[in-house]
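Engineer: Give me a model of this one.
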Amino acid sequence: MKFEDLKLHPTLLKAVKDQNYITPTTIQQKAIPLILNRKDVLGTAQTGTGKTAAFALPILHHLMNEKKEGNKSKIKALIVTPTRELAIQISENFTDYSKHNNIKNTVIYGGVKQIKQVKRLEAGVDVLIATPGRLLDLMGQGFISLKDVSYFVLDEADRMLDMGFINDIKKLLQKLPNKRQSLFFSATMPSNILNLSNTILNNPQKVAVHQVSTTADTIQQFIYYTNKSEKNDLLLHILKDEKINQLLLFSRTKRGADRIVKRLSQQKIKSAAIHGDKSQPQRQKALQSFKNWEIRVLVATDIAARGIDIDKLSYVLNYDIPNEPETYVHRIGRCGRAGEKGISISICEPEENIFAKDIEKLIKKNIQEIKNHPFPQTEKPMNAKQKKEFEKEKNRKKQEFFANRKKNRNSTNGRR
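Structural biologist: Numbers count the residues shown, from 1 in each chain. The predicted structure is shown next:
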């Protein structure tokens, strides 16, 4: 199949040709015809499978056929996504696909002053890409009306729930017109996600591209078992390989990310961190420097994991093994995208051994262990009692995080 077979508007076909798209990915082949036929869609697809084009192209097709010349643009399509980086990426995709037509889009997110975003909204847009907090904030201030929305997309739904946006989504749904086409995409589809989809979709067509929580076959996966105190030394050992000239590295915490950057800088390895404590300009500068090959290592926390999109990225490294195996799938999905080859490297300390086993159980394959290295694991892993205490403390911190996040959001509401 080629894009021409999907019967998209000629200007869209010209735009995808400009992007060097030739053959639609599986998610595009399955979803685009359904969306063109105005069906609600419940989609399960790994990151990096071309999901954005799967909903953007048919939505643009509809908007072009509906838009009347000379009329001021109104928000007809709303795409809601969990992170700033992902929102920006989706907006860039819409801009690329709209280069030969007159469909306007804009993106809004928190962490920056709202004045520029408000000006773009006042000028009129057809497609709005937004994160939940800023969207509800500007709606509350009267800058955004959703009464004309005909197309609604909830992207990365599982991540949305992980980040505590469920109440925001419920508030948003109350403001949307009942008569609309809704599209719901998630990399994983646990029961709470299915329950949410039932409140959004009307008799949806299900599109599952990959088995839930599988990793792409194009990604080779390796793991080093080491000690906590020797993780940094092992990282420097790995970076002696000059083939690793562009590395996306994941840290569990913001402080940990900053420490890694500091240590790498001491070794004259150019790097930058991207996480929630960085301002949006700082995050964008770091990401752009990485894309431009000005820095070798970009250190990220999971808050930005699904919004980082680098063409032909070959290497991802888990400095900390995630305690939720699905997070591992999302992280390594940053490489090996759109059929390209990728290499995932994980550094595992004793307390993380149980997480590595959980990951292997989820993805139904063994991660290849690299045994011949200078910093082998000698410390004892956690026993059952220690594991139970660790899980208890992890849950306590998670509850504390979301409680503080809700408190901070309430205290800043209306002032952004």
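Engineer: Now do the contacts for E230.
Structural biologist: Going by C-beta atoms under 8 Å, 6 or more residues apart in numbering, E230 touches F375. C-beta coordinates here come from the backbone N, C-alpha and C atoms, glycine included.
Engineer: That one and Y328: what is the separation?
Structural biologist: 22 Å (C-beta to C-beta, to the nearest Å).
Engineer: where do the helices sit along the stretch 101-250 of the chain?
Structural biologist: Using DSSP state H, counting those that start in this stretch, the helices of the stretch 101-250 of the chain run over residues 115-123, 132-140, 157-162, 166-175, 191-200, 231-238.
Engineer: so of the ones you listed, which one's packed in deepest?
Structural biologist: helix 157-162 (a mean of 23; mean count of other C-beta atoms under 10 Å).
Engineer: domain assignment for the protein?
Structural biologist: 3-208, 219-369 (automatic domain parsing).
Engineer: Find the nearest non-adjacent residue to A300, please.
Structural biologist: I274 (4.9 Å; C-beta to C-beta, 6 or more residues apart in numbering).
Engineer: And the residue nearest to R296 when sequence neighbours are not counted, its phi and psi?
Structural biologist: In this structure, R296 finds its nearest non-sequential neighbour in K270, 5.2 Å apart by C-beta to C-beta, 6+ apart. Backbone torsions of K270, given as degrees, to the nearest 10, read phi -70, psi 130.
Engineer: now do D241
Structural biologist: phi -70, psi 110.
Engineer: which residues of the stretch 101-250 of the chain score low on pLDDT?
Structural biologist: For the stretch 101-250 of the chain, residues meeting the criterion pLDDT under 70 lie at 210-214.
Engineer: repeat that with 80
Structural biologist: Within the stretch 101-250 of the chain, the segments meeting pLDDT under 80 span 159, 161-164, 187-190, 209-217.
Engineer: and if you look at the stretch 301-416 of the chain?
Structural biologist: For the stretch 301-416 of the chain (pLDDT under 80), the answer is 302-312, 326, 330, 336-340, 379-416.
Engineer: about what we covered before: measure the residue nearest to A300 to I169 for me?
Structural biologist: Look at I274 and I169: by C-beta to C-beta, they are 25 Å apart.
Engineer: and what of G133?
Structural biologist: 11 Å.
Engineer: residues contacting the closest residue to T81 other than its chain neighbours?
Structural biologist: Spatial nearest neighbour of T81, chain neighbours left out: D155 (4.4 Å); criterion: C-beta to C-beta, 6+ apart. By C-beta under 8 Å, 6+ apart, the contact set of D155 is 51-52, 55, 79-81, 86, 90, 185.
Engineer: rerun that using 10 Å as the cut-off
Structural biologist: 43, 51-52, 55, 79-82, 86-87, 90, 129, 183-186, 306 (C-beta atoms under 10 Å, 6 or more residues apart in numbering).
Engineer: Could you give the backbone dihedrals for the closest residue to V118 other than its chain neighbours?
Structural biologist: Excluding the flanking residues, the one nearest V118 by C-beta to C-beta, 6+ apart is F143, at 5.3 Å. Dihedral pair for F143: phi -90, psi -20, per degrees, to the nearest 10.
Engineer: quick one: the strands in the stretch 1-150 of the chain?
Structural biologist: 41-44, 77-80, 105-108, 127-130 (DSSP state E, counting those that start in this stretch).
Engineer: Redo those as JSON lines? Include mean neighbour count and distance to L138.
Structural biologist: Output for the strands of the stretch 1-150 of the chain, formatted as JSON lines (neighbours: other C-beta atoms under 10 Å; distance: least, C-beta to C-beta, whole Å):
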{"stretch": "strand 41-44", "mean neighbour count": "24", "distance to L138": "27"}
{"stretch": "strand 77-80", "mean neighbour count": "25", "distance to L138": "12"}
{"stretch": "strand 105-108", "mean neighbour count": "24", "distance to L138": "6"}
{"stretch": "strand 127-130", "mean neighbour count": "26", "distance to L138": "8"}
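Engineer: quick one: E351 and R252 touch, right?
Structural biologist: No - using C-beta atoms under 10 Å, E351 is not in contact with R252, being 11.5 Å away.
Engineer: Overlap of the contact sets of these two?
Structural biologist: 321, 323.
Engineer: hang on, F355 packs against I367?
Structural biologist: No - between F355 and I367 there is no contact under C-beta under 10 Å: 11.4 Å.
Engineer: between these two, what contacts are shared?
Structural biologist: Taking C-beta under 10 Å, 6+ apart as the criterion, F355 and I367 both touch 328, 346, 348.
Engineer: and which of the residues you listed is nearest I363?
Structural biologist: For the shared contacts of F355 and I367, the residue nearest I363 by C-beta to C-beta is Y328; the value is 7.8 Å.
Engineer: what about the closest one, how many neighbours?
Structural biologist: Y328 is flanked by 27 other residues according to other C-beta atoms under 10 Å.
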